[in-house]
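Trainee: no letters, just coordinates:
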Ligand SMILES: [Zn+2]
Ligand SMILES: [Zn+2]
């Protein structure tokens, strides 16, 4: 398939609405997303599929709304985003149980904020993933906007961070990227960016309550871009639209960007073997030397990594790299000394 055959849909994953601890109803959030020119939203309210059962999925103008949920164990840890499931998963189970149930239901499960470490306040403890022995998850949230914001907060900088939420977002957690690279050596684990928007209020110095990250601000930061085929147009049958979007997600045809550093629309990372051109997410047997081609919409610092190590970097709009070595290859792009674009990997394997 030629690169131009893919349609790029840009949206936000991991949102909370007023069905759990978010602050607005889904139609209002969709209207804000529409103003910010997003193409899709994937909601994950805590332990409930009620908005799905109340038929809130569908098209809101040109915004496609998909609904899953966020599961957790009895200690409120091991948060897991479950999409493409119809039946509710019972609460207070172990991660072994809900990861398996999501898989058995034909769903797509994503580990949320795996390395969360924040320690700013007892009222907002971290919720890391600890159940790494469970191996049936499908994806990992490699970048979580709220986690990063909370992680860097101190009593001294909180006011600055509240005034400049977008400037607080710098890089995904290194530990998570490292683990993601290792997991992809043996099987496909899709990386996504989550915004985890609650738009909740934080009490400052016990007196003032301020809203961190209103939805309209959240939508200007971490975005996930899907490469969809065939194209999805507003008004297309919902189930067909859902099928096409989930195909991009399950195949790893997606990348993550921080919109605050520029619109990453058009970013490409492909493998070319003979006449075949394969998109990010591909796992390819090496038959002859393979060309890895990267193109970004504006000049920036591009890094090509193999198994987590940088093997090529350049300030450019394009890099080409020929190789016949197996490995997990992916791209990171930096602007203004911050992370801008993170591709899903292309994995080259021995024939
Ligand atoms: Zn969570
Ligand atoms: Zn969440």
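Mentor: Yes, it's here. Source: prediction; values computed, not measured. Numbering: from 1, shown residues only. Ligands and ions are numbered 1, 2, ... in the order given.

Trainee: same question for stretch 218-229, mean pLDDT?
Mentor: The average pLDDT within stretch 218-229 is 95.

Trainee: so which bits of that stretch are buried?
Mentor: Using 16 or more other C-beta atoms under 10 Å as the test for burial, stretch 218-229 gives 218, 219, 221, 222, 223, 224, 225, 226, 227, 228, 229. Quick note: C-beta positions are derived from backbone N, CA and C, even for glycine.

Trainee: chain neighbours aside, what residue packs nearest to residue 92?
Mentor: Nearest non-adjacent residue to residue 92, counting by C-beta to C-beta, 6 or more residues apart in numbering: residue 74, 4.7 Å away.

Trainee: hang on, the earlier thing: which one of the buried residues of stretch 218-229 is nearest residue 350?
Mentor: Nearest to residue 350, judged by C-beta to C-beta, of the buried residues of stretch 218-229 is residue 227 at 26.4 Å.

Trainee: list the contacts for that closest one?
Mentor: 6, 7, 8, 248, 253, 254, 279, 280 (C-beta atoms under 8 Å, 6 or more residues apart in numbering).

Trainee: ok, so of the residues you listed, who is nearest ligand 2?
Mentor: residue 254 (19.2 Å; C-beta to the ion).

Trainee: relative to residue 110, how far out is the closest one?
Mentor: Remark: distance between residue 254 and residue 110 (C-beta to C-beta, to the nearest Å) = 12 Å.

Trainee: do the same with residue 81
Mentor: Distance of residue 81 to residue 110, computed by C-beta to C-beta: 4 Å.

Trainee: joint contacts of the two?
Mentor: 13, 139, 141, 194.

Trainee: export the residues you listed to CSV and tack on pLDDT?
Mentor: Converted to CSV, the shared contacts of residue 81 and residue 110 look like this (pLDDT from 0 to 100):
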residue, pLDDT
13, 97
139, 98
141, 97
194, 95
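
Trainee: what's the ChimeraX line that selects buried ones from those?
Mentor: Filtering the shared contacts of residue 81 and residue 110 down to the buried ones (16+ other C-beta under 10 Å) takes a single ChimeraX command:
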select :13,139,141,194
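
Trainee: restricted to strands, list the shared contacts of residue 81 and residue 110.
Mentor: 13, 139, 141, 194 (DSSP state E).

Trainee: partners of the third one in the sheet?
Mentor: Taking DSSP bridges as the rule, residue 141 bridges to residue 192.

Trainee: got it, and residue 58?
Mentor: Counting by DSSP bridges, residue 58 is bridged to residue 65.

Trainee: enumerate every residue touching it.
Mentor: 64, 65, 238.

Trainee: max pairwise distance over the contacts of residue 227: which two?
Mentor: Pairwise over these, using C-beta to C-beta, the maximum falls at 7 and 280, 15.0 Å.

Trainee: residues in contact with the closest residue to ligand 2 within the chain?
Mentor: At 4.4 Å from ligand 2, residue 196 is the closest residue in the chain, using C-beta to the ion. For residue 196, the contact set (C-beta under 8 Å, 6+ apart) comprises 14, 15, 16, 112, 113, 144, 145, 146, 147.

Trainee: and for residue 289?
Mentor: Counted by C-beta under 8 Å, 6+ apart, residue 289 has contacts 322, 323, 324.

Trainee: swap in residue 263?
Mentor: Taking C-beta under 8 Å, 6+ apart, one finds 257, 297 in contact with residue 263.

Trainee: tell me the pLDDT at residue 344?
Mentor: At residue 344, pLDDT is 98.

Trainee: spit out the contact partners of it.
Mentor: Per C-beta under 8 Å, 6+ apart, neighbours of residue 344: 190, 191, 252, 253, 254, 255, 280, 281, 330.

Trainee: just the buried residues of those.
Mentor: For these, a burial check counting by 16+ other C-beta under 10 Å picks out 190, 191, 252, 253, 254, 255, 280, 281, 330.

Trainee: okay, the residues you listed in CSV with pLDDT next?
Mentor: What follows is the buried ones among the contacts of residue 344, written out as CSV (pLDDT from 0 to 100):
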residue, pLDDT
190, 98
191, 98
252, 98
253, 98
254, 98
255, 98
280, 98
281, 98
330, 98
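
Trainee: pretty sure residue 57 contacts residue 63?
Mentor: No - look at residue 57 against residue 63 with C-beta atoms under 8 Å: they stay out of range, at 11.5 Å.

Trainee: now residue 223: which helix or strand?
Mentor: strand 222-228 (DSSP states H and E).

Trainee: who does that strand pair up with?
Mentor: Using DSSP bridges, the strands paired with strand 222-228 are strand 7-15 (antiparallel), strand 254-258 (antiparallel).
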